[in-house]
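Q: need a structure here:
(chains A and B)
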Amino acid sequence: MSNLFNIDIVNPEQSFLSKDNVFEVVIPAVEGEIGILKDHIPIISFLKPGIIRVFSESEEQSFYVEDGIVEFKDNTLSVLTSSIFDLKNADKNFVSESISSAEAELSKDNIDDQKRFLLNHKVEVLKSITIN
Amino acid sequence: MPSLDDLRKRITSVKSTQKITKAMKMVAAAKLRKAQENAEKGRPYSEKMNNVILNLSKSITDKENAPKLLVGTGEEKVHLCIVLTADRGLCGGFNTNIIKKAKSYFEKIISENKTLKIITVGSKGYDQLKRQYKSYIVENISFKESKNINYFDADKVGKIIIEKFEKNEFDVCAIFYNKFKNVITQIPQEQQIVPLNEDKDDKDDSGNDNDYEFEPDEDEILSNLLPKNISTQIFKAMLENSASEQGSRMTAMDNATRNAGELVDRLTIEYNRSRQAAITKELIEIISGAESL
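A: Below you'll find the model as predicted:
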């Protein structure tokens, strides 16, 4: 029996990625990373800034996401996100811009703890991208 | 009876108008294809979003404490209407149809003694509504500068709505736009987005979908998701609208081109007749002149 399932990543403008031969996906859910294999129980969660890793038979792909919702049901993983890009063609300028705007946001006093946490995390993830 | 010269001038003027309408039709047709493609590409997102929310709201048992964006404030006093129209004219009944739909809704609200607030998106809607409903319009947004419809713009509108909701400025929110059916038909739509109307998509009531695992809990996901859903709905409406606008413009310009063609034909016949009449008259004059000699 195969251990493959489907993944659909869509953003508002178009369908970003659609594959039917992945065996594992790691998503940065808001309460920690989740690895999803075939026949995972149905789950709905949302994402924090991080990296989605998609493992298929032939390759491994990584995408940076800012936020989004994931739903897993009937062996189909749907990821809804408004900002996503492939790590392979990451735009250096865009990344550094995002870092500086997040840092500028962080330096404000009036943000709550949860937002501060998310922003810190975002900066961390974005910086790790530029190192690679 | 117009002189030959007048007729000739009119024919040339109608012909050049025809050229313009023909060009506009071509442009609209090209843009339509793109807009239609975009609308189709954007559909999966809003559909999936709808599905997730549907599944979530099914599993919410505690309706009392559910997020207000989903169940409403419990009152229906203040209505906020978002009227989405085009920024440009010359597209047949496109803008007028949305406005007509919206106006009948406005009249209903006013006659029920409820408070009405209007946000117009797109300058044509504002132009048409400001005469009659100036005092109700709270905001007027236009995305004339952005060439393509993007999610960023829709999100701006969504954020304004959320902000107003959090300040308790309205209880019910509806959007008005044209749904793209095909090139000839666009249906003006009225869609309620706050509180969320779920009855229309409630087909699959199979009940076995309630075994989702939620992380974190349902309430938190919902309160995160619902604001996004509003932006998504607006975005969907904007996509449908742009496809409808181009379709409507294409049909309108096609009609105009055809009308111009008919007019040219009629004028040409009239021109030829009067030219012939003039020649006949001259001939008669020459012949009767020769006879009298």
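
Q: In the stretch 51-200 of chain B, where is pLDDT below threshold?
A: B:61-65, B:197-200 (pLDDT under 70).

Q: Quick one: the helices in the stretch 51-200 of chain B, in order.
A: Per DSSP state H, counting those that start in this stretch, the stretch 51-200 of chain B carries helices over the ranges B:68-71, B:94-111, B:123-133, B:151-166.

Q: Over to chain A?
A: A:92-106, A:113-131 (DSSP state H).

Q: For B:K25, find the nearest of the helices of the stretch 51-200 of chain B.
A: helix B:94-111 (14.6 Å; C-beta to C-beta). All C-beta atoms are positioned from the backbone trio N, CA, C, and that covers glycine.

Q: What are the buried residues along the closest one?
A: B:94-95, B:97-99, B:101-103, B:105-106, B:109 (16 or more other C-beta atoms under 10 Å in any protein chain shown).

Q: Between those, which sits nearest chain A?
A: B:I98 (22.1 Å; C-beta to the nearest C-beta).

Q: Okay, the closest one and B:N241: tell me how far apart.
A: Plainly put, B:I98 is 8 Å away from B:N241 if you go by C-beta to C-beta, to the nearest Å.

Q: With B:G261 instead?
A: B:G261 sits 30 Å away from B:N241, going by C-beta to C-beta.

Q: Show me which of those two is the more surrounded one.
A: Shown here are B:G261 and B:N241; by other C-beta atoms under 10 Å in any protein chain shown, B:N241 has more neighbours (27 against 14).

Q: Identify the structural domains in chain A and state their residue ranges.
A: As recorded under automatic domain parsing, the domains making up chain A are A:5-86, A:90-131.

Q: Tell me where chain A has strands.
A: Secondary structure of chain A, counting by DSSP state E: strands at A:5-10, A:15-29, A:32-36, A:43-47, A:50-56, A:60-65, A:68-73, A:76-80, A:84-86.

Q: Relative to chain B, which of the domains of chain A is closest?
A: domain A:5-86 (3.9 Å).

Q: Output the set of residues of the stretch 151-293 of chain B in proximity to chain A.
A: B:151, B:154-155, B:209, B:211-216, B:221, B:224-225, B:228, B:232, B:235 (C-beta under 8 Å from any C-beta of the partner chain).

Q: Now stretch B:264-278: buried residues?
A: Here stretch B:264-278 shows B:264, B:267, B:271 as buried, counting by 16+ other C-beta under 10 Å.

Q: B:G42: which of the domains of chain A is closest?
A: Closest among the domains of chain A, once you apply C-beta to C-beta, is domain A:5-86, at 6.0 Å.

Q: surely B:G92 meets B:A252?
A: Yes: taking C-beta atoms under 8 Å as the definition, B:G92 is a contact partner of B:A252 at 3.3 Å.

Q: and the spatially closest residue to B:P195 that is not a sequence neighbour, what does it touch?
A: Excluding the flanking residues, the one nearest B:P195 by C-beta to C-beta, 6 or more residues apart in numbering or on different chains is B:G72, at 3.3 Å. By C-beta atoms under 8 Å, 6 or more residues apart in numbering or on different chains, the contact set of B:G72 is B:171-172, B:194-195.

Q: distance of B:G72 from B:I110?
A: Look at B:G72 and B:I110: by C-beta to C-beta, they are 21 Å apart.

Q: hmm, back to that, for B:S46, which of the helices of the stretch 51-200 of chain B is the nearest?
A: Nearest of these to B:S46, taken as C-beta to C-beta: helix B:151-166 at 10.7 Å.

Q: Now do the lowest-mean-pLDDT helix or strand in chain A: which elements does it pack against?
A: One helix or strand of chain A scores below all others by mean pLDDT, DSSP states H and E: helix A:113-131, with a mean of 77. If contacts are counted by 3 or more C-beta pairs under 8 Å, 6 or more residues apart in numbering or on different chains; DSSP states H and E, helix A:113-131 sits against strand A:50-56, strand A:60-65, helix A:92-106.

Q: From one end of stretch B:155-174 to the other, what's the distance?
A: 16 Å (C-alpha to C-alpha, to the nearest Å).

Q: That concludes my questions; thank you for your assistance.
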